[in-house]
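Asks: build me a structure from this.
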Amino acid sequence: MGAVRLQRVREQLDQEGLDALFITSPYNRRYLTGFTGSAGFVLITKEQAFLITDFRYVNQAQEQAQAYEIVQHAANPLDTIAEKLQALQAARLGFEKNHASYAQYQSYAERFQGIELVPTENMVERLRGIKDEAEIGFIKQAIEITDKAFDHILGVIKPGISEREVSAELEYFMRKQGAVSSAYSTIVASGERSALPHGLASSKLIGTNEFVTLDFGANFEGYLSDLTRTVFVGTPSERHKEMYRVVLEANQAALDGVKPGMTGKEGDALGRNVIEGYGYGPYFGHGLGHAFGLEIHEGMRFSAQTEERLEPGMIMTVEPGVYLPGFGGVRIEDNILITDTGIEVLTKSPKALIAL
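Replies: Numbers count the residues shown, from 1 in each chain. A predicted model of the protein is given here:
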């Protein structure tokens, strides 16, 4: 795994005319090396590759990043990196501009004297956009845990329980099923709060005759899942039912229409057109979905601004929603794999309106 990804980076070094690439993003570091420690830098040249870390992680790095030479850095890691660059006679060094503050750039310029600093953008992230078989397997396992958690939590939600209690039970259950952690801060938003697209679980008690939106995911071996379902506690009114039908129809329209080669803008329109057709357009204010993997939001988007095209191996969310302030909201989110001919829907949790 590490050797293949390393070769793909080296191909980009040739394309960009770089002698070396300096990686500071922890997610890119993990993707390239397999190293799961919390501190370290990666330096890749056309012939060599180094993982530079501190005393705490040297043995771990040697076990996890066998395609790399492990270097224990000095008090200031940039001094160690500067020594390596001088020994390698590197003239042009690429650095990740999206993961460097101005102060960090100044530190690079101060210590890497005589070396041309070349800002790069998304060199590794572009590679991460297309998942390999191992990554897809981890994500499928994270999704399986999440689907089980949704089934479990249906027996927990009831009037009088707090949103935070529901969140805690979801996260505990996922850990018992093998998750390292939750994928992100769990959203449990009930009643009027369900109109908050990112309404994190609060102390509010769940009442009767109201929506409860659950947006949660599992972290399995570093790879994530991202599921949203909206359920109803009590007896839904016709207005509640209509809102739910509209969002479900938008979700299904997107799943039916998404295919490789389509732009993110075209994918977004598949769900958005349905919602706008029912007059709810002003209440759907976010994109239809996004890529995910090691991070919950990665490069590709389903949005009105995205001209990038879908490619086989991308994993995306499809998550239309309608949010009415003072009333409530509905979001239904699935995870999909772009295939050579269409999509594979990875999430299996039921989507018909569930009344508890």
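
Asks: can you read off the pLDDT for residue 328?
Replies: For residue 328, the model assigns a pLDDT of 98.

Asks: and it, what does it touch?
Replies: If you count contacts by Cβ atoms under 8 Å, 6 or more residues apart in numbering, residue 328 has them with 191-192, 194-195, 210-211, 240, 243. For the C-beta atoms, the positions are set from N, CA and C on the backbone; glycine is no exception.

Asks: contacts for stretch 135-142 next, please.
Replies: For stretch 135-142, using Cβ under 8 Å, 6+ apart, the contacting residues are 131, 178-179, 183, 217-225, 293, 313, 315, 335, 337, 346.

Asks: filter the residues you listed down to the ones in strands?
Replies: In strands, defined here by DSSP state E, the members of the contacts of stretch 135-142 are 218-220, 223-224, 315, 335, 337.

Asks: which one of these has the most neighbours?
Replies: Using other Cβ atoms under 10 Å as the neighbour criterion, residue 218 leads the ones in strands among the contacts of stretch 135-142 with 31 neighbours.

Asks: coming back round to it: closest to residue 65 among the contacts of residue 328?
Replies: Looking at those and their distance to residue 65, the nearest is residue 194, at 44.0 Å (Cβ to Cβ).

Asks: so the closest one, which of the three states?
Replies: Recorded secondary structure, residue 194: helix (DSSP: H, G, I helix; E, B strand; the rest coil).

Asks: touching, it and residue 212? I think so.
Replies: Yes - judged on Cβ atoms under 8 Å, residue 194 makes contact with residue 212 at a distance of 6.7 Å.

Asks: still on that earlier bit, could you dump the contacts of residue 328 into a markdown table with distance to residue 124 and neighbour count added?
Replies: Output for the contacts of residue 328, formatted as a markdown table (distance: Cβ to Cβ, whole Å; neighbours: other Cβ atoms under 10 Å):
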| residue | distance to residue 124 | neighbour count |
| --- | --- | --- |
| 191 | 43 | 19 |
| 192 | 42 | 18 |
| 194 | 37 | 25 |
| 195 | 37 | 21 |
| 210 | 44 | 19 |
| 211 | 40 | 26 |
| 240 | 45 | 21 |
| 243 | 41 | 26 |
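
Asks: now what about stretch 26-35, what contacts it?
Replies: Counting by Cβ under 8 Å, 6+ apart, stretch 26-35 makes contact with 1-2, 5-6, 9, 23, 36, 38, 40-42, 44, 51, 53, 57, 60-61, 64-65, 67-68, 96, 99, 124-125, 127-128, 222, 294-295, all of which sit outside it.
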